[in-house]
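**Student:** pasting the sequence and the predicted model now:
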Amino acid sequence: MKISNYDEHNYDYSTYWDNRKYEQEAEDYAVSRLMNKLPKNMKFKRVVDLGGSFGRNIKHFKGNTSEQVIVDYSLKTLQKNHSFLIKQYPDIKLIAANVYKLPFKDNSFDLSLMVRVLHHLDQPGVYFKELARINATGGFHIQEFSNKFHIKAVLRNLIHFNKSFFRNTKYQQPTAGNHEGSQSSENVTFLNFPVRLVKRFFKQHRFKLLSSRDASFFRIPFLKRYIPSQILIFTEKVVQEVFRLIPIAPSRFMILRNDGFNKNVLNNEEFESILVCPVCKSELKFTKNLATCTNKDCKNKFKKDKNVWDFRV
Ligand SMILES: C[S@@+](CC[C@H](N)C(=O)[O-])C[C@H]1O[C@@H](n2cnc3c(N)ncnc32)[C@H](O)[C@@H]1O
Ligand SMILES: [Zn+2]
């Protein structure tokens, strides 16, 4: 299990979004259209943005959730952005943790989101199991992932008669240019997933697919250089609607409902009462900025530093 640790190289992911107005708006449009599938006027108890980084997507949950949680492996990113985020979202909680081992009780959330993170997960099955555990029955989830069979990749591999590419397996993308979380391109985990494989994971955990759509049809440097972003964004919105059922773009978004066997979302008022030891899932004992696992065989300790709990394991 390899973690893409952005802190190792002090990678500030927010800089990636400088001059990416088109991609930002394409994704915002996709998420907001999928959120229209949620029950009208529903107010959610608690949402978690998994691998949420500096909070780029948390705006989608202003007004429709009582409490927002950002989980990310990058402790530095969360600490750096806390003061900015808390001003806009007074109930927000920032938790440094690994999505493979989440420090939450079962059924802690009735809404969750993951965008641009699945490509870093070389053991997606472990993540999907954790997601199904923390997301309550009747809860909703929005998942973005890099689509292995986007049109450019399909054409490229057809031309090269690369039969093995068309298997229903995840695919490590050649990482030239994608230096996320590392300084060289060598060790970056950058996985693309077939839509069928992602659907299978969700089915295994009894998530029902409500709707899906592609985004970023025009993620092509040449187009972005010569066509004004407003025109690209307008065209993107039209194309997103037309190709809703055909996954040909590099990025696919899905919204799902958890029809699993868990129970209703936890109604605890105190945020800390939903936290558990990420290793053994036992209760924690809190003393100021320290949380100690109450399991005698575990006894792991976790610290809160600069307003962020550090549950990374
Ligand atoms: C490309 S960024 C996307 C951030 C955010 N979701 C967005 O769309 O703006 C990927 C994020 O995933 C986080 N990440 C990678 N692996 C993780 C893991 N195993 N557990 C938690 N976060 C992880 C990284 O720290 C990084 O902030
Ligand atoms: Zn423990």
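**Tutor:** Noted; the coordinates are in hand. Numbers count the residues shown, from 1 in each chain. Ligands and ions are numbered 1, 2, ... in the order given.
**Student:** so what touches stretch 123-132?
**Tutor:** Contact with stretch 123-132 is made by 1, 50, 99-102, 112, 114, 118, 121, 141, 170, 191, 193, 201-202, 204-207, 258, 260, 262, as judged by Cβ atoms under 8 Å, 6 or more residues apart in numbering. Placement of C-beta: from N, CA and C, glycine included.
**Student:** poorly predicted segments of the stretch 201-313 of the chain, please.
**Tutor:** Where the stretch 201-313 of the chain drops to pLDDT under 70, the residues are 262.
**Student:** where do the strands sit along it?
**Tutor:** Assigned by DSSP state E, counting those that start in this stretch, the strands in the stretch 201-313 of the chain fall at 207-215, 251-258, 284-287, 290-293, 301-305, 308-310.
**Student:** rewinding a little: the contacts of stretch 123-132 also near ligand 1: which ones?
**Tutor:** 99, 100 (Cβ under 6 Å from any ligand atom).
**Student:** helices - which of the contacts of stretch 123-132 land there?
**Tutor:** In helices, defined here by DSSP state H, the members of these are 201, 202, 204.
**Student:** now the residues you listed in JSON lines, with neighbour count?
**Tutor:** Shown next, in JSON lines, are those (neighbours: other Cβ atoms under 10 Å):
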{"residue": "201", "neighbour count": "19"}
{"residue": "202", "neighbour count": "19"}
{"residue": "204", "neighbour count": "12"}
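**Student:** looking at these, which is nearest residue 30?
**Tutor:** The closest of the ones in helices among the contacts of stretch 123-132 to residue 30 turns out to be residue 202 (Cβ to Cβ; 17.6 Å).
**Student:** what is the end-to-end distance of stretch 299-313?
**Tutor:** 14 Å (Cα to Cα, to the nearest Å).
**Student:** what's the answer for stretch 143-152, then?
**Tutor:** From its first residue to its last, stretch 143-152 covers 22 Å (Cα to Cα).
**Student:** okay, buried residues for that stretch please.
**Tutor:** In terms of neighbour count (16 or more other Cβ atoms under 10 Å), stretch 143-152 has its buried residues at 143, 144, 145, 146, 147, 148, 149, 150, 151.
**Student:** what of stretch 73-81?
**Tutor:** Neighbour counts over stretch 73-81 (16+ other Cβ under 10 Å) mark 73, 74, 75, 76, 77, 78, 79, 81 as buried.
**Student:** tabulate the residues you listed (JSON lines), appending secondary structure and distance to residue 29.
**Tutor:** Formatted as JSON lines, those follow (DSSP: H, G, I helix; E, B strand; the rest coil; distance: Cβ to Cβ, whole Å):
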{"residue": "73", "secondary structure": "coil", "distance to residue 29": "28"}
{"residue": "74", "secondary structure": "coil", "distance to residue 29": "26"}
{"residue": "75", "secondary structure": "helix", "distance to residue 29": "31"}
{"residue": "76", "secondary structure": "helix", "distance to residue 29": "30"}
{"residue": "77", "secondary structure": "helix", "distance to residue 29": "25"}
{"residue": "78", "secondary structure": "helix", "distance to residue 29": "27"}
{"residue": "79", "secondary structure": "helix", "distance to residue 29": "31"}
{"residue": "81", "secondary structure": "helix", "distance to residue 29": "24"}
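**Student:** near ligand 1 too, which of the residues you listed?
**Tutor:** Okay, of the buried residues of stretch 73-81 touching ligand 1 (Cβ under 6 Å from any ligand atom), that's 73, 74, 77.
**Student:** near ligand 1, which residues of the chain are found?
**Tutor:** Checking the chain against ligand 1 by Cβ under 6 Å from any ligand atom, the hits are 3-4, 6, 13, 51-53, 56-57, 72-74, 77, 98-100, 115-117, 120, 180.
**Student:** what do you get if the cut-off is 8 Å, keeping everything else the same?
**Tutor:** 3-7, 13, 16-17, 27, 49-54, 56-57, 71-74, 77, 97-100, 114-117, 119-121, 127, 144, 180-181 (Cβ under 8 Å from any ligand atom).
**Student:** low pLDDT regions in the stretch 51-200 of the chain?
**Tutor:** For the stretch 51-200 of the chain (pLDDT under 70), the answer is 175-187.
**Student:** great, nothing more from me.
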